[in-house]
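Asks: Mind folding the following:
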Amino acid sequence: MTSTISPGDADRALLEEGLSKLGVSGGNEDGSNFPPEQILNLLIQYIEEIERFNPAYGLVKVKDRRELIVKHILDSLAPAGIFSSRPVKRIADIGSGAGLPGIPLAICMPGAEFTLVESMGRRAGFLRDALAVLKLPNAVVVEEDLKTFSRHVAETGPFDLVVFRAFKPLENRLLRLLFRLLAPGGIIAAYKGRRQTVEEEMSGLTWKPLSWDLLPLSVPYLEEERHLLLIQAPAE
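Replies: Okay, the predicted model is just below:
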């Protein structure tokens, strides 16, 4: 498959080099991952879909394609190696919006099942269209808010991992709803910025999770401080 990425090869090279820096290479010997070229082309198709609908839907705030690649695509994939190293099969992306981080992760982790949860109708529609264009069989869209979705988890089954970039700051009610989605020992993974800000958020909670960790993330070409907040549910 040949990409039609525009304005030229610079954006493709930027994305390809960023994926290499993150160790997102695909092509496992057991065939569980897409080959690198397919990952690259799927991500480019996804970028083009965002750019096509962004003026009408307001999916992301970016000034150009480079910013979209760095601040959204590569940022979404920065913890992919962390997720892939864990036994996670069912992943929920809460407040998915434009499909970030769920769609880039689904492209790079085809062995996992992704549920993209989005309450806004137009954005949920975009997500469904994007999945159809990309032909991603391992992702589905649920058009519900978190509170409603958490009530249905008994029907859909619990998740091994819940990810989000959407909620700032963390609050007690949010964490309680997210914990309802998790299987025993499951993990909440929140994409965050400065360590000091995250530590202040956690110290402000009156309902304290039993176990949490804060891992530094390195996003290629991004100078901003980024961290992944991991909150683990009890094993039983």
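Asks: now what about stretch 41-54, what contacts it?
Replies: With Cβ atoms under 8 Å, 6 or more residues apart in numbering as the test, stretch 41-54 has contacts from 1, 3-5, 12, 15, 19, 34, 59-60, 62, 65, 68-69, 73, 98-99, 103-104, 107, 126, 129-130, 133-134, 136. Any C-beta I mention is one placed from the backbone N, CA and C, and that applies to glycine too.
Asks: Let's see that with 7 Å instead.
Replies: Applying Cβ atoms under 7 Å, 6 or more residues apart in numbering, the contact partners of stretch 41-54 are 1, 3, 5, 12, 15, 59-60, 65, 68-69, 73, 98, 103-104, 107, 126, 130, 133-134.
Asks: Repeat that for stretch 97-112.
Replies: Residues contacting stretch 97-112 (Cβ under 7 Å, 6+ apart): 24, 26, 32-34, 39, 42-43, 46, 50, 59-60, 72-73, 76-77, 80, 83-84, 88-89, 91, 93, 96, 114, 116, 118, 123, 126-127, 130, 136, 138-139, 163, 165-166, 191.
Asks: Just the buried subset of those residues, please.
Replies: Among those, the ones that count as buried by 16 or more other Cβ atoms under 10 Å are 24, 26, 33-34, 39, 42-43, 46, 50, 59, 72-73, 76-77, 80, 83-84, 88, 91, 93, 96, 114, 116, 118, 123, 126-127, 130, 136, 139, 163, 165-166, 191.
Asks: Mind checking which of those residues are in helices?
Replies: Per DSSP state H, helices hold the following members of these: 39, 42-43, 46, 50, 76-77, 80, 83-84, 123, 126-127, 130.
Asks: where's the dip in pLDDT among those residues?
Replies: For these, the model is least confident at residue 84; its pLDDT is 90.
Asks: mind checking how far that residue is from residue 219?
Replies: 17 Å (Cβ to Cβ, to the nearest Å).
Asks: if we can go back for a sec, any chance of the ones in helices among the buried ones among the contacts of stretch 97-112 in TSV, with distance to residue 197 too?
Replies: Compiled in TSV, these are given as follows (distance: Cβ to Cβ, whole Å):
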residue	distance to residue 197
39	32
42	33
43	29
46	29
50	27
76	20
77	22
80	23
83	23
84	27
123	26
126	30
127	29
130	31
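Asks: what's next to stretch 189-203, contact-wise?
Replies: Applying Cβ under 7 Å, 6+ apart, the contact partners of stretch 189-203 are 79, 101, 161-165, 169-170, 212, 214, 224-230.
Asks: how about 6 Å then?
Replies: Residues from elsewhere that reach stretch 189-203, judged by Cβ atoms under 6 Å, 6 or more residues apart in numbering: 163, 164, 165, 169, 170, 214, 225, 227, 228, 229, 230.
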